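Q: predicted structure and sequence below. I'll ask about it afterward.
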Amino acid sequence: MEWLKNLSNAIEYIESHLDTEISYEEAARIACCSTYYFQRLFSYVAGISLSEYIRKRRMSQAAFELQRTDKKVLDVAFEYGYTSPTAFNRAFQSVHGITPAAAKNQGITLNAYPPIRFSVSVTGGNAMSYHIVNKPIMRFVGIRTPMIEDMEENQRIVPEFWEHTLSNNQFMQLCQMGDELPNKILGISVYQDPENIFYYIASATKQEVPVGMFEFEIPATTWVVFENDGCFKENVQSIFRRFYTEWLPFSGYEYAGFPDIEVYPVLEGKQLKGHSEVWIAIKKIKEVYYGRSGRYRPEGRPRRSGRWG
């Protein structure tokens, strides 16, 4: 569960820099992943975008400052990274529902957002239907839209891209192209580097690339496939969250780092519900044999009293 430790360390960095500049790049470095992936992972596990989390934490701390000190509103705004009083006032009201000046009054109700603490979920209760498949190189053809490393902005870009795609002829063309598994309509986020991040609406196919479309491949790997029925958006997000917090820590696998695949049924019109799948690339955790104990343990996991940790 090294990823959980790395993510917690990144949160500690953010918490210690609420009153200074926060570098997403540095937080991602601490979490041992790209800036794009760090924001994506954070939003799935925490259920809130990284930028919104930082904003709420800063406004929580700003409220404490305003109530317990004699600092001026403008000074507190500067302390938490706002050079514009208007921007600070807007951010503060979005969290607390009142102006920063009003927060100085006794008896005022404010909202405190404590720091996030990540842990493995062991509540159980709801089963996760899944199966594991090994696939050779997978080739995809589709249309794409550029994204950026700001996940909050991407959450606006992707729905608009789907909205536009569902109403044009290329979507119907893609529906007819799928001749490889998964042979449905696919949503795939592909990160190459900070300047080349794309969201594809695609099909798995051997066919030639039509004009105006693009192709890409994912290397041979092992996939865990989760199935679900219901609202596409909420269920897909829930699967990613439960994958990281419930399934992955106890599976004997780790995240392989390839693009995730969202699989949607071929339906006419703008359907919001139905049967869908999420394909996540995984790889077995490397194990080391300990001769004296006669046991295997995932590489890097500390030993405790000669037993599995």
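A: Everything's here; your move.

Q: what is the burial count for residue 166?
A: For residue 166, the count of nearby residues is 16 (other C-beta atoms under 10 Å). Heads up, the C-betas are built off the backbone N, CA and C, glycines and all.

Q: and it, how close does it get to residue 73?
A: Per C-beta to C-beta, to the nearest Å, residue 166 is found 47 Å from residue 73.

Q: again with residue 33
A: Using C-beta to C-beta, residue 33 is found at 37 Å from residue 73.

Q: what's the answer for residue 231, then?
A: 42 Å.

Q: which one of those two is surrounded by more residues?
A: The neighbour count for residue 231 versus residue 73, taken as other C-beta under 10 Å, is higher for residue 73 (19 against 14).

Q: thought that one was touching residue 82?
A: No: Residue 73 sits out of contact with residue 82 when judged by C-beta atoms under 8 Å, with a separation of 10.2 Å.

Q: need the overlap of contacts for those two.
A: The contact sets of residue 73 and residue 82 overlap at residue 88 (C-beta atoms under 8 Å, 6 or more residues apart in numbering).

Q: in contact with residue 261, which residues?
A: With contact set as C-beta under 8 Å, 6+ apart, residue 261 has these partners: 182, 186-188, 223, 277-280.

Q: just these: which are in strands?
A: Among the contacts of residue 261, DSSP state E puts 186-188, 223, 277-280 in strands.

Q: run through this structure and note the low-pLDDT ranges.
A: The model of the chain has pLDDT under 70 over residues 1, 119-125, 267-272, 287-309.

Q: look up how far residue 178 lies from residue 249.
A: 34 Å.

Q: I misspoke; the intended subject was residue 209.
A: For residue 209, the distance to residue 178 - C-beta to C-beta - is 14 Å.

Q: those two: who's more crowded?
A: A direct count of neighbours by other C-beta under 10 Å for residue 209 and residue 178 places residue 178 higher, at 20 against 13.

Q: contact partners of the helix or strand hosting residue 203?
A: Assigned by DSSP states H and E, residue 203 belongs to strand 196-204. With contact meaning C-beta under 8 Å, 6+ apart, strand 196-204 is reached by 36, 138-149, 154, 157-158, 161-162, 165, 171, 174-175, 177-191, 214, 216.

Q: and the helix or strand that comes right after it, what's buried?
A: Sequence-wise, the next helix or strand downstream of strand 196-204 (DSSP H and E) is strand 214-218. Judged by neighbour count using 16 or more other C-beta atoms under 10 Å, the buried positions of strand 214-218 are 216, 218.

Q: tell me what angle strand 214-218 forms with strand 196-204.
A: Here strand 214-218 points in a direction 90 degrees away from that of strand 196-204 (axes from the mean of the first three to the mean of the last three C-alpha atoms, to 10 degrees).

Q: by contact count, what packs against strand 214-218?
A: Helices and strands touching strand 214-218, by 3 or more C-beta pairs under 8 Å, 6 or more residues apart in numbering; DSSP states H and E, are strand 138-146.

Q: paired strands for the strand it packs on, with orientation please.
A: strand 196-204 (antiparallel), strand 214-218 (antiparallel) (DSSP bridges).

Q: distance between the first one and the chain's centre?
A: On the basis of C-alpha atoms, centre = their mean, to the nearest Å, the separation between the geometric centre of strand 196-204 and that of its chain is 17 Å.

Q: now residue 74: how far from residue 55?
A: 19 Å.

Q: measure the most centrally placed residue in the chain to residue 34 for me?
A: Centroid-nearest residue in the chain, with C-alpha atoms, centre = their mean: residue 40, separated by 2.5 Å. To residue 34, residue 40 is 9 Å away according to C-beta to C-beta.

Q: for residue 131, same thing?
A: Distance, residue 131 to residue 34, by C-beta to C-beta: 29 Å.
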